[in-house]
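Enquirer: Turn this into a structure:
(one chain, ligands or ions: 1)
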Amino acid sequence: MAPDNITIMEGLLSHANESGVIEYKGINPGKTIAFIACIHGNEIAWIHVVEWLRTMFTDAPPLSGTVRCIIANHEAFFHGQRYRATDLNRIWNQEYPKNPPIPHEFEVRERIRPWLEDVDVCIDIHSTTLPSASMVIPASSSTGNRHLCEALSCEYVVHNIVNYLQGSPIIAYHANLPGERISITIEGWQHSEQACIERSLYNARVILERFGYIKGSPMVTKADTIQHIDVLDAYYAQYQGERLEWIYSKNPKWFDVIPKGTIFAKNATVAFESLQDSVLLFPQKEALHSWKEMFFLGSAQGLGRLEGDMRGFRSFSLS
Ligand SMILES: [Zn+2]
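Expert: So this is what the prediction gives:
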């Protein structure tokens with residue numbers, strides 16, 4: 001029988017230091033890459049990547065540089081939770097609390113923060129609870145980030161989302177460290193789907209080849225066409241104190257295009273209308289983390305933007 005995720009996690013932690021870090025030094029000097037695992041304790045696609053790295057680099061070290069796996073919130077993992085007290089991927093711009101009780105995720109943040117300082121390439125691995133699209137989210141649209149995104153297997157590259165989150169994610173923190181950094185988040189798809197696991201492994205392999213940690217293989221080919229999307233705005237469970245209703249995607253495996261003129265969200269007093277053909281991102285009926293972002297409105301690159309209003313929607317009062 002295949003070992004379950006808890007057994008794999010216990011095995012991985014037995015190889016990690018007290019910060020949850022497993023490190024493989026290359027034969028030659030070179031860049032440091034970090035795979036960030038378990039930022040969200042309930043998302044387990046990363047476990048296959050880190051276990052694959054362990055198997056591979058236990059037999060033979062990387063060709064150059066340093067490959068680092070940072071297993072972040074293993075306490076949340078063992079509780080089967082996204083987080084214990086607060087979202088670890090939204091607190092990177094917040095001050096460490098002055099008084100106890102210190103929320104668990106702040107302690108995790110301080111535990112792993114020193115391991116990011118020398119990292120040239122930061123790959124943050126996520127997966128989703130509900131069916132979703134596979135996507136890559138760069139911390140910025142820098143040339144380095146963009147080129148890496150385009151080399152990967154995914155359906156969407158989602159730009160600018162970092163600017164619309166309530167709080168700061170780990171890739172934003174890493175991207176803002178001095179020097180040139182590459183920082184991306186990979187959303188593989190639904191946690192335990194074989195396609196998600198295979199895609200996550202494929203992307204890890206492409207990244208390792210690209211930066212010279214392992215030898216390239218002619219077997220690796222890429223079949224996807226990637227759609228680039230610019231996020232225009234984010235919406236939350238409530239708007240001006242009242243619950244917001246929005247149109248849900250009929251196609252959870254990809255993002256619906258909503259035609260120009262569609263009222264895509266409203267409550268008793270306000271409505272939002274798209275001023276151009278737009279894209280709804282993460283339009284999930286079920287509120288997974290209802291006090292954070294619920295969905296985003298985006299513009300598919302190539303669909304064009306409305307002149308004079310870069311936000312692409314207007315809101316109007318219903319009362
Ligand atoms: Zn996540």
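Enquirer: Just the CA trace of the helix or strand residue 198 falls within, in CSV.
Expert: Using DSSP states H and E, residue 198 sits within helix 194-210. This file holds the C-alpha atoms of helix 194-210, laid out as CSV (Å, rounded to 0.1, in the frame of the first residue of the first chain):
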residue,chain,number,x,y,z
GLN,A,194,-3.7,12.9,-10.3
ALA,A,195,-3.5,15.7,-12.9
CYS,A,196,-2.6,18.2,-10.2
ILE,A,197,0.1,15.9,-8.8
GLU,A,198,1.6,15.2,-12.2
ARG,A,199,1.5,18.9,-13.2
SER,A,200,3.2,19.9,-9.9
LEU,A,201,5.9,17.4,-10.5
TYR,A,202,6.3,18.4,-14.2
ASN,A,203,6.7,22.0,-13.3
ALA,A,204,9.2,21.3,-10.5
ARG,A,205,11.2,19.3,-13.0
VAL,A,206,11.1,22.1,-15.7
ILE,A,207,12.2,24.7,-13.1
LEU,A,208,15.1,22.5,-11.9
GLU,A,209,16.3,22.0,-15.5
ARG,A,210,15.9,25.6,-16.4
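Enquirer: quick one: secondary structure of the closest residue to the ion within the stretch 101-250 of the chain?
Expert: Among all residues of the stretch 101-250 of the chain, residue 126 sits closest to the ion, at 3.5 Å; criterion: CB to the ion. Yep, even glycine has a C-beta here, placed from its N, CA and C like the rest. Using DSSP: H, G, I helix; E, B strand; the rest coil, the structure places residue 126 in strand.
Enquirer: Could you do residue 58 as well?
Expert: Classified using three-state DSSP, residue 58 is helix.
Enquirer: same thing with residue 7?
Expert: helix.
Enquirer: repeat for the one 4 residues further on
Expert: When states are read from three-state DSSP, the local structure at residue 11 comes out as helix.
Enquirer: Next, the contact list for it, please.
Expert: Counting by CB atoms under 8 Å, 6 or more residues apart in numbering, residue 11 touches 3, 51.
Enquirer: I'd like to know how far it sits from residue 168.
Expert: 32 Å (CB to CB, to the nearest Å).
Enquirer: returning to what we had before: look up the residues forming beta bridges with the residue of the stretch 101-250 of the chain closest to the ion.
Expert: residue 187 (DSSP bridges).
Enquirer: Over to residue 138?
Expert: residue 184.
Enquirer: what about it, neighbour count?
Expert: Here the number of neighbours of residue 138 (other CB atoms under 10 Å) works out to 23.
Enquirer: What of the one 3 residues further on?
Expert: For residue 141, the tally of surrounding residues (other CB under 10 Å) stands at 13.
Enquirer: go on, residue 244?
Expert: 17.
Enquirer: Report the contact partners of the residue lying closest to it once chain neighbours are set aside.
Expert: Nearest residue to residue 244, sequence neighbours excluded (CB to CB, 6 or more residues apart in numbering): residue 267, at 5.1 Å. Counting by CB under 8 Å, 6+ apart, residue 267 makes contact with 239, 240, 242, 243, 244, 245.
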